[in-house]
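> Below is the sequence, then the predicted model.
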Amino acid sequence: MCVNSSSSSNDSLLHPNPSSNIHFSFDMECFISRPGSFIFTSYMITSILLLLPLCIFIMYHGLQQWRLNHSTSSAATMSHSDSFTYNMVTMEMIGVFGSVLCCCGIYSDHFNIIIVAYSLMSFSWSGEIYFHVLTCVERYLAVVHPITYLSLRTERGIRIRNISISCVWMLSFAGTVLLMEENVLFIVYFCILTTSLTVVCFCSVSVLRVLIGPGPGEQGGGRKRVDQSKLRAFYTILVILGVLVFRFTWNLVWGVIYVLGRAECVLMTTGFWLNLPSTLVLPLLFLHRAGKLVCWKNKI
């Protein structure tokens, strides 16, 4: 009887009831039960193998550029999009570390490790959303309001950019803390996703309208030749818009399914895979701009 009691006590330490300690937007049992654990672990291993080399390469490239500018006393300032990417990559590294921890927690059956890992991954997930929004806003200003965008490349614009980045880090941290309060979490969750989806759609559609329209001094009906650079940019923005809309829409559907109490482990863990394409967007675009992607010869 004492042995059974001790075993039960130890099991409760290794498998505590998540709802008794912390509220999550996802049933933690799915992480350690099959087939959900297999699907989720496969996703994490894939994301680690894809993201970790990208993040390391981008950070290495940034360090090289910093050393080059420092050695030559260059006054060149970092572009806003590059700054967003470096910060997002830093957050991705945190998320990758969380994925490694989560794999360890799943196969060692320790909920405490899974809780810490899930918090780190949630922090990275929130940061991705905000930096996608900031990048879309920056692209919107550069294409639709170029004069305003040029004024933001001054010291004042850099200050606004740095404040925005600081706000993203604070908001991501606050979102992770809100995991403690499930009711508040879902309200904030839907507000963030709805607002982000609206901003991304508005900015991207506005950019697409400019790209398909005639340039300065051109007449819409008299153009015989399509500007190939604008055409490539159009398709690139269209793909990015599709990937982000797909991600935000699925995350909203994911939340609705959970709130309605119809969440199934296979469906919910499979849904994590749908976030992976949008996670790779900014790193790949950065490497494209830096001329590091051999498969894309022409710049956008």
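Yep, it's here. Residues are numbered from 1 along each chain as shown.
> where does the protein dip in pLDDT?
1-29, 31, 70-76, 179-185, 214-226, 262-263, 292-300 (pLDDT under 70).
> Which parts of it are helices?
In the chain, the helices defined using DSSP state H lie at 2-14, 18-21, 29-32, 36-71, 80-108, 111-144, 146-151, 155-177, 182-212, 228-259, 265-270, 276-289.
> got CSV for the ones you listed, with mean neighbour count too?
Backbone N, C-alpha and C define where each C-beta goes, glycine included. Below are the helices of the chain laid out as CSV (neighbours: other CB atoms under 10 Å):
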stretch, mean neighbour count
helix 2-14, 9
helix 18-21, 12
helix 29-32, 18
helix 36-71, 15
helix 80-108, 20
helix 111-144, 21
helix 146-151, 12
helix 155-177, 15
helix 182-212, 16
helix 228-259, 16
helix 265-270, 17
helix 276-289, 18
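> Could you measure from residue 135 over to residue 165?
Distance, residue 135 to residue 165, using CB to CB, to the nearest Å: 12 Å.
> so what sits against both of these two?
Among the neighbours of residue 135, those also in contact with residue 165 (CB atoms under 8 Å, 6 or more residues apart in numbering) are residue 84.
> How much space separates the residue nearest the centre of the chain from residue 108?
By CA atoms, centre = their mean, the chain has its centre lying nearest to residue 128, at 2.4 Å. Distance, residue 128 to residue 108, using CB to CB: 27 Å.
> residues contacting the residue nearest to the centre of the chain?
Neighbours of residue 128 in contact, by CB under 8 Å, 6+ apart: 88, 91, 92, 278, 279.
> Name the nearest residue to the fourth one, sequence neighbours excluded.
Spelled out, that is residue 278. Nearest residue to residue 278, sequence neighbours excluded (CB to CB, 6 or more residues apart in numbering): residue 247, at 4.2 Å.
> same question, the last one
When the adjacent residues along the chain are set aside, residue 279 lies closest to residue 128, with 6.2 Å between them (CB to CB, 6+ apart).
> Tell me the spacing between the one you found and residue 34.
From residue 128 over to residue 34 the distance is 28 Å, taken as CB to CB.
> and the gap between the residue nearest to the centre of the chain and residue 234?
Separation of residue 128 from residue 234 (CB to CB): 24 Å.
> Could you do residue 102 as well?
39 Å.
> All good on my end, thank you.
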